[in-house]
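A.B. asks: Need a 3D model of the following:
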Amino acid sequence: MSGHSKWHNIQARKKKGDAARGKVFTKIGRELAVAVKEGGADPDTNNRLRDIITKAKQNNMPSDNIARAIKKASGDINSVRYENITYEGYGVAGSAVIVECLTDNKNRTAGDVRHCFDKYGGGLGATGCVSYLFKRKGVIIVEKDDKINSDDIFIEALEAGAEDIQEDDEVIEIYTTPESLKEVADNLEKANIVLASQDVDQIPDMYIELEENKKSTFEKMLEALEDLDDVQEVYHNVKLD
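C.D. replies: Residues are numbered from 1 along each chain as shown. Purely as a prediction, here's the structure:
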């Protein structure tokens with residue numbers, strides 16, 4: 001198990017320009033709106049909203065933008081008509097891809113997602129065609145620096161209920177059940193450990209390696225999918241490092 005693609009995505013987002021960051025903020029704003037509709041505008045009583053606010057801050061979304069999105073959703077709650085849709089398919093060389101979307105037009109989204117797969121040598125599949133290769137896990141990432149003591153983090157994480165811990169030169173990746181993510185993350189923060197991110201993700205049972213030309217094609221497909229307004233998250237089993 002490894003979250004290298006997760007860290008790769010975080011690093012890529014940090015390097016994006018203003019226009020691309022604006023698109024990320026728009027997508028998160030959509031998630032905030034849906035969370036408010038489902039559970040209200042108070043993050044103390046709406047766990048989903050609290051998680052999205054955390055995600056917004058991790059993506060450097062200004063507090064004013066977050067507050068404005070919540071206020072807008074609260075005052076215009078009946079107009080929110082987004083629907084969660086998940087697509088599964090294959091990239092080049094049989095690579096597995098899961099695309100999670102929020103949309104107000106299923107036909108448009110299906111066509112756009114299908115076009116991205118077809119353009120780069122892949123194809124959409126039936127529901128369940130690749131999801132069996134993934135498991136939903138809570139993923140906490142701690143970025144390493146000179147002040148980080150890996151042993152202390154390992155101990156804190158395990159005592160808090162983490163299932164698995166991985167480490168490389170850049171980050172420490174902590175894996176939990178989806179249900180225990182918040183508790184583990186809260187306990188790490190109480191121990192003054194700074195978290196780079198915390199999310200529930202689809203983690204592949206195994207990563208595959210592609211030849212350089214096929215990896216380049218796969219990365220172009222990922223970029224095309226992530227550029228779609230309706231696409232919130234893209235998960236896959238390709239090692240990109």
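
A.B. asks: Now do the residue nearest to Tyr90 when sequence neighbours are not counted against Lys72, distance only.
C.D. replies: Counting by CB to CB, 6 or more residues apart in numbering, Gly122 is the residue found nearest to Tyr90 once chain neighbours are left out, at 5.1 Å. The way it works is simple: take the backbone N, C-alpha and C, and place the C-beta from them, glycine included. Note on Gly122: its distance to Lys72, by CB to CB, to the nearest Å, is 36 Å.

A.B. asks: again, but for Tyr132
C.D. replies: Tyr132 sits at a distance of 39 Å from Lys72 (criterion: CB to CB).

A.B. asks: ok, these two, which is more surrounded?
C.D. replies: Each of Tyr132 and Lys72 had its neighbours counted (other CB atoms under 10 Å), and the higher figure belongs to Lys72 (16 against 10).

A.B. asks: What are the buried residues along the helix or strand that contains the more buried one?
C.D. replies: Lys72 belongs to helix 63-75 when elements are defined using DSSP states H and E. Residues of helix 63-75 classed as buried: 65-66, 69-70, 72-73 (neighbour count, 16 or more other CB atoms under 10 Å).

A.B. asks: now swap in stretch 128-136 and tell me
C.D. replies: Under the neighbour-count criterion of 16+ other CB under 10 Å, stretch 128-136 has 130-131, 134 buried.

A.B. asks: Any chance you could list what contacts it?
C.D. replies: For stretch 128-136, the external contacting residues (CB atoms under 8 Å, 6 or more residues apart in numbering) are 88-90, 96-98, 178, 200-206, 235, 237.

A.B. asks: tell me the domain ranges of this protein?
C.D. replies: Under the assignment named as automatic domain parsing, the residue ranges that make up the domains of the chain are 4-79, 83-132+207-236, 134-204.

A.B. asks: can those domains go into CSV with extra columns for mean pLDDT?
C.D. replies: Listed next are those as CSV, based on pLDDT from 0 to 100:
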stretch, mean pLDDT
domain 4-79, 82
domain 83-132+207-236, 96
domain 134-204, 90
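
A.B. asks: Does Cys116 touch Ala224 like I think?
C.D. replies: Yes. Applying CB atoms under 8 Å, one finds Cys116 in contact with Ala224, separated by 4.4 Å.

A.B. asks: Tell me which of these two has more neighbours.
C.D. replies: Cys116 (26 against 18).

A.B. asks: for the more buried one, helix, strand, or coil?
C.D. replies: Secondary structure for Cys116, judged by DSSP: H, G, I helix; E, B strand; the rest coil, is helix.

A.B. asks: Where does the closest residue to Asp51 other than its chain neighbours fall, secondary structure wise?
C.D. replies: In this structure, Asp51 finds its nearest non-sequential neighbour in Lys182, 7.6 Å apart by CB to CB, 6+ apart. Using DSSP H and E, the secondary-structure element containing Lys182 is helix 181-190.

A.B. asks: what's that helix packed up against?
C.D. replies: strand 134-143, helix 150-160, strand 171-176, strand 197-204 (3 or more CB pairs under 8 Å, 6 or more residues apart in numbering; DSSP states H and E).

A.B. asks: picking up where we left off before, export the buried residues of stretch 128-136 to CSV and append columns for distance to Thr103.
C.D. replies: Written out in CSV, the entries for the buried residues of stretch 128-136 read as follows (distance: CB to CB, whole Å):
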residue, distance to Thr103
Val130, 20
Ser131, 19
Phe134, 21
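
A.B. asks: just those residues now: which is nearest Ile155?
C.D. replies: Of all the buried residues of stretch 128-136, the one sitting nearest Ile155 is Phe134; the distance, using CB to CB, is 28.9 Å.
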